[in-house]
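>>> Whatever this is, show me its structure:
(4 chains)
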There are 2 protein chains.
Amino acid sequence: MGIGSGRPGPGSRSDTISEARRIPEATVARLPLYYRALLETVEEQVSTVSSERLAQLAGVNAAKVRKDLSYLGSYGTRGVGYDVEFLLHQISRELGLTHEWPVAIVGVGNLGHALANYRGFGARGFKIAALVDADAAKVGQRVDGLTIEALADLPALVAARNIAIGIIATPAPEAQKVADQMVAAGVTSILNFAPAVVNVPNGVSLRKVDLAIELQILSFYQERKEPGPDAGAAAG
Amino acid sequence: MGIGSGRPGPGSRSDTISEARRIPEATVARLPLYYRALLETVEEQVSTVSSERLAQLAGVNAAKVRKDLSYLGSYGTRGVGYDVEFLLHQISRELGLTHEWPVAIVGVGNLGHALANYRGFGARGFKIAALVDADAAKVGQRVDGLTIEALADLPALVAARNIAIGIIATPAPEAQKVADQMVAAGVTSILNFAPAVVNVPNGVSLRKVDLAIELQILSFYQERKEPGPDAGAAAG
DNA sequence: CAGACTTTGAGAACACGTGCACAAGCTCGG
DNA sequence: CCGAGCTTGTGCACGTGTTCTCAAAGTCTG
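Next comes the predicted model:
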């Protein structure tokens, strides 16, 4: 993502792309932006929205919006735009947000704490279903209404609470071990916040967020600005 | 960022790309990975490293490593590999990590707190130089050795402490306003954690990290796995 | 010193993503 | 019912990124 991301495995050519039409990865990464933009639009009591307006709200250009949405189907009406409620529903369905996803957070340090308290998840279809830490001293503590549980209990928790998505918020050295344990426990999607490369078997999705890397990318362009205020990564 | 990200402005064709060779954005985003991998290599007392090994440590493939590094210059030796110390220095220089970057964090809620306490920044050339919040009740509180200061003082802080990079860790509705104030204060690189689209003028770099979006992308692929365990975003 | 071996650097083909431009299709007013 | 005006959906061209491949250039062994 962003910066770094999961990428389709090296599947054989003309796979049995079973059910649905294939949606490009870049488009998938933008669907949440449209989703958010549509939520804002709903609150404005507007029933219909143009690709132009949607583009503005999502911070992309209109052509991209139209192409992206066309991968989902022909959900717009020419001369009119897109029905807000309908499109919202379609994108929700596509993103799997029609039901709630129980999520497990492993590593309750600074970041784990912040994530546990973050209100944004609940509002977007995710629910912290388990807080796990390897440190016995932390087990039993309560954070935001949840009790921290032992890492050893992860398999039981994942099974009992039907958890498919895991978040790694441990220090770097623990990351790979935790990922392995998650996979063994049955987690099939992982979001890694630890500044370390993590490998997962085929069939498991992995995305990463690295704060230091983001800053270093900014620093690259910043450094090039200092001498002569010239090229750089300017977002319009 | 990976996920959305800064993007070179629409400069005229055959710009005076002043000083240096142009380095592709995708390559820039990977340099920090190589940087981290090289730091690990240094600790192993290894003096030379092959593209194959670097690729392994960075989680990419060897061809990509070689092409990426070739944009920086011909720093390798055929038949041998890359000199670890030398390459580390070159990448540091390119990323602007030869000096420390003072960073301002605006918004000291859950996330701001976590970022302020995050040890990873210091280790990578960044230093929290200011913690700022709009809430008068928070001003004066101490967090990790720093005193929270008033948002109104941002311009003075940025000037006095030579801050070029700002981090937005406020709730979504505040994000644009804060970004504007940062830009007005002289910040030219912004990392936005708020789940909102932020616009900045030309010449200012912007990157965003959105936790909910990352989860929604995972959820997209996860949803498609549930019926038939098939395609997905699997990282090797 | 020659030949085997290793590894880089880059050319070229391919895959993917973006954005223009415009026909197709819809609404609305008269 | 017709024509003016909008807005979608998509073909196409272009630019960016990835990967394969292999000659070039070095080391090492005998």
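>>> mind listing what the strand of greatest length in chain A pairs with, with the direction of each?
In chain A, taking DSSP state E as the definition, the longest strand is strand A:126-133. With DSSP bridges as the test, strand A:126-133 is paired with strand A:101-106 (parallel), strand A:146-150 (parallel).
>>> Reduced to three states, what does the closest residue to DNA strand C within chain A come out as?
The minimum distance from chain A to DNA strand C, using CB to the nearest atom of the strand, falls at A:G79 (2.5 Å). The C-beta positions use only the backbone N, C-alpha and C, and glycine is treated the same way. Remark: A:G79 carries the secondary structure label coil [criterion: DSSP: H, G, I helix; E, B strand; the rest coil].
>>> tell me the pLDDT at it?
The model reports A:G79 with a pLDDT of 96.
>>> Then A:M1?
35.
>>> same deal with the one 3 residues further on?
Model confidence at A:G4, expressed as pLDDT, equals 34.
>>> Likewise for the one 3 residues further on?
As summarised for this prediction, A:R7 has a pLDDT of 36.
>>> need the helix or strand of chain A with the lowest average pLDDT.
When each helix and strand of chain A is scored by mean pLDDT, DSSP states H and E, helix A:120-123 comes last, with a mean of 81.
>>> List the buried residues in that one.
For helix A:120-123, the neighbour count (16 or more other CB atoms under 10 Å in any protein chain shown) marks A:G120, A:F121 as buried.
>>> mind listing what A:K127 touches?
A:E100, A:W101, A:P102, A:V103, A:F121 (CB atoms under 8 Å, 6 or more residues apart in numbering or on different chains).
>>> Revised request: answer the last question for A:G81.
So A:G81 contacts A:T48, A:V49, A:S50, A:S51, A:R53 (CB under 8 Å, 6+ apart).
>>> Tally up the residues packed near the last one, please.
Translated: A:R53. Neighbourhood size, A:R53 [other CB atoms under 10 Å in any protein chain shown]: 17.
>>> got the contact list for it?
By CB under 8 Å, 6+ apart, A:R53 lies in contact with A:T41, A:G81.
>>> how far away is it from B:Q222?
30 Å (CB to CB, to the nearest Å).
>>> Equivalent analysis for the fourth one, please.
Distance from A:S51 to B:Q222, counting by CB to CB: 28 Å.
>>> Can you tell me, leaving aside adjacent residues, what's nearest to A:V198?
Excluding the flanking residues, the one nearest A:V198 by CB to CB, 6 or more residues apart in numbering or on different chains is A:A179, at 4.7 Å.
>>> I figured that neighbour hits A:A172, correct?
No - under the criterion of CB atoms under 8 Å, A:A179 makes no contact with A:A172, lying 11.8 Å away.
>>> out of the two, which sits in the busier spot?
A:A179 (25 against 17).
>>> coming back round to it: which of the helices or strands spans the residue nearest to A:V198?
Per DSSP states H and E: A:A179 is located in helix A:172-185.
>>> Show me which residues of stretch A:167-176 are buried.
A:I167, A:I168, A:A169, A:T170, A:A172, A:E174, A:A175, A:Q176.
>>> Go ahead and produce PDB holding the CA coordinates of that stretch.
In PDB, the C-alpha atoms belonging to stretch A:167-176 read as follows (Å, rounded to 0.1, in the frame of the first residue of the first chain):
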ATOM      1  CA  ILE A 167      -3.100  -7.100  12.900                       C
ATOM      2  CA  ILE A 168       0.600  -7.300  13.900                       C
ATOM      3  CA  ALA A 169       1.600  -4.400  16.200                       C
ATOM      4  CA  THR A 170       4.600  -6.000  17.800                       C
ATOM      5  CA  PRO A 171       8.200  -4.900  17.700                       C
ATOM      6  CA  ALA A 172      10.000  -6.000  14.500                       C
ATOM      7  CA  PRO A 173      11.800  -9.000  15.800                       C
ATOM      8  CA  GLU A 174       8.500 -10.700  16.800                       C
ATOM      9  CA  ALA A 175       6.700 -10.000  13.600                       C
ATOM     10  CA  GLN A 176       7.500 -13.100  11.600                       C
END
